[in-house]
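**Q** sequence plus the predicted model coming up.
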Amino acid sequence: MDHAAIRYLEAKRSIDDRAMADEVLATVRRSLPPDPTILEAGCGTGTMVPRLLELGITDGTYRGVDRDETVIAFARDDRPKELRNGGRQVDVSPRGFRVDDMAVSFVVGDALDAFADVSDADLFVAASFADLVPIPALLDTITTALRPGGLAYLPLTFDGETVFQPDHPADEQVIDAYHQAIDARPGRDARAGRHLLHEFQDSPGELLAVASSDWIVRPRDGVYPTDEAYFLTRILDFVESSLSNASPPVPDLADWLEVRRSQLAASELTYVAHNYDLLYRTAGD
């Protein structure tokens, strides 16, 4: 089991919860029919399920897909325990569980291919996902999987702005190079948020809601909440792995990383990543 990936996904859960826009979530709730069919691409450890239940969406079916079998195994094992400990009735099955009146399943697969058999979903969720895949392919999947008038909810979509504080003289060159390295990977888009905003505004459906949902991680009273220091550790690791073999080399990268890791160890580092939450309704309802 990839404990590093699972720990990272669980560590960012409290950060996601702070960031997600309440007004967009409320519009999701108001716009869903009873007994909805819900799909989630890139579901990770399944943290969207407790959020949906907390929002009052307690019936219907939910199917989450992720290509990492380790995080799917964790979702199948851990989410039922969490919900049962929270006082909900949970009945476990081999591929998932039933909680309240919602049937939940987690499946290993490619999220852009796994829903090819679906054309009548009410809600398609993709959190922190749209910047990782080609946007045209994602839009095709959304259009195919949703019924006419179905909802696409894309929270925490990265939009190409990253801030580390306090200031460092190499910030601009490191962060610019980091974003360029993301864009250089096949199918990736460091400005997916604004590009999806344009795509939805230019589509025949309706952009029901959009709001900023920035990740903001900072120490409180000298410590980071929950496991958020680990989240920052992984973010710095991502920057290092993205730029360690850059050509030409990024000047002062080694000093920048050393200073940032020292600031993290001293609970002095603040990190901000700019995201959008988007809610789109397909045409034809």
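**A** In hand now; what should we look at? Quick caveat: nothing in here was measured; it's all calculated off a predicted structure. Numbers count the residues shown, from 1 in each chain.

**Q** next structured bit after whichever strand or helix holds V163?
**A** Using DSSP states H and E, V163 maps to strand 146-165. Note on strand 146-165: by DSSP H and E, the next helix or strand toward the C-terminus is helix 171-184.

**Q** so which elements touch that next one?
**A** Where contact means 3 or more Cβ pairs under 8 Å, 6 or more residues apart in numbering; DSSP states H and E, helix 171-184 is packed against strand 146-165, helix 228-243, helix 253-265. Heads up, the C-betas are built off the backbone N, CA and C, glycines and all.

**Q** what mean pLDDT does that helix get?
**A** What helix 171-184 shows for mean pLDDT is 96.

**Q** ok, stretch 249-264 next?
**A** Mean pLDDT, computed over stretch 249-264, is 97.

**Q** how about the strand holding V163: buried residues?
**A** 146-147, 150-160, 162, 164 (16 or more other Cβ atoms under 10 Å).

**Q** about what we covered before: of the helices and strands packed on helix 171-184, which is nearest D16?
**A** With Cβ to Cβ, the closest approach to D16 among these belongs to strand 146-165: 6.0 Å.

**Q** need the helices and strands packed on helix 171-184 in a markdown table (columns: distance to A211).
**A** Below are these laid out as a markdown table (distance: least, Cβ to Cβ, whole Å):
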| stretch | distance to A211 |
| --- | --- |
| strand 146-165 | 9 |
| helix 228-243 | 22 |
| helix 253-265 | 29 |
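
**Q** what's the lowest-pLDDT member of the buried residues of strand 146-165?
**A** G160 (94).

**Q** which residues sit in contact with that residue?
**A** H179, A190, R191, G193, R194, H274 (Cβ atoms under 8 Å, 6 or more residues apart in numbering).

**Q** tally of neighbours for the residue nearest to it when sequence neighbours are not counted?
**A** Spatial nearest neighbour of G160, excluding adjacent residues (Cβ to Cβ, 6 or more residues apart in numbering): R191 at 3.9 Å. Neighbour count of R191, defined by other Cβ atoms under 10 Å: 17.

**Q** repeat for G87
**A** A count of nearby residues for G87, using other Cβ under 10 Å, gives 6.

**Q** and it, what does it touch?
**A** Neighbouring residues of G87 by Cβ under 8 Å, 6+ apart: there are none.

**Q** so it: helix, strand or coil?
**A** coil (DSSP: H, G, I helix; E, B strand; the rest coil).

**Q** backbone dihedrals for it, please?
**A** phi 100, psi 10 (degrees, to the nearest 10).

**Q** what separation is there between it and D100?
**A** Separation of G87 from D100 (Cβ to Cβ, to the nearest Å) stands at 11 Å.

**Q** could you do E161 as well?
**A** 38 Å.

**Q** ok, I57 next?
**A** From I57 to D100 the distance is 9 Å (Cβ to Cβ).

**Q** which residue of these two possesses the greater neighbour count?
**A** I57 (20 against 13).

**Q** now stretch 74-90: buried residues?
**A** So stretch 74-90, judged by 16+ other Cβ under 10 Å, has buried residues F74, A75, R76, R79, P80, L83, V90.

**Q** buried ones in the helix or strand hosting L278?
**A** Here L278 sits within strand 270-281, counting by DSSP H and E. Along strand 270-281, these residues count as buried under the neighbour rule (16+ other Cβ under 10 Å): Y271, A273, H274, N275, Y276, D277, L278, L279, Y280, R281.

**Q** just send the residues you listed back as CSV, with distance to W215 and pLDDT too.
**A** Putting the buried residues of strand 270-281 into CSV (distance: Cβ to Cβ, whole Å; pLDDT from 0 to 100) gives the following:
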residue, distance to W215, pLDDT
Y271, 7, 98
A273, 4, 98
H274, 8, 98
N275, 7, 98
Y276, 12, 98
D277, 12, 98
L278, 16, 98
L279, 19, 98
Y280, 22, 98
R281, 26, 97
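
**Q** and which of those residues is nearest to S119?
**A** Among the buried residues of strand 270-281, and counting by Cβ to Cβ, the member closest to S119 is R281, at 16.2 Å.
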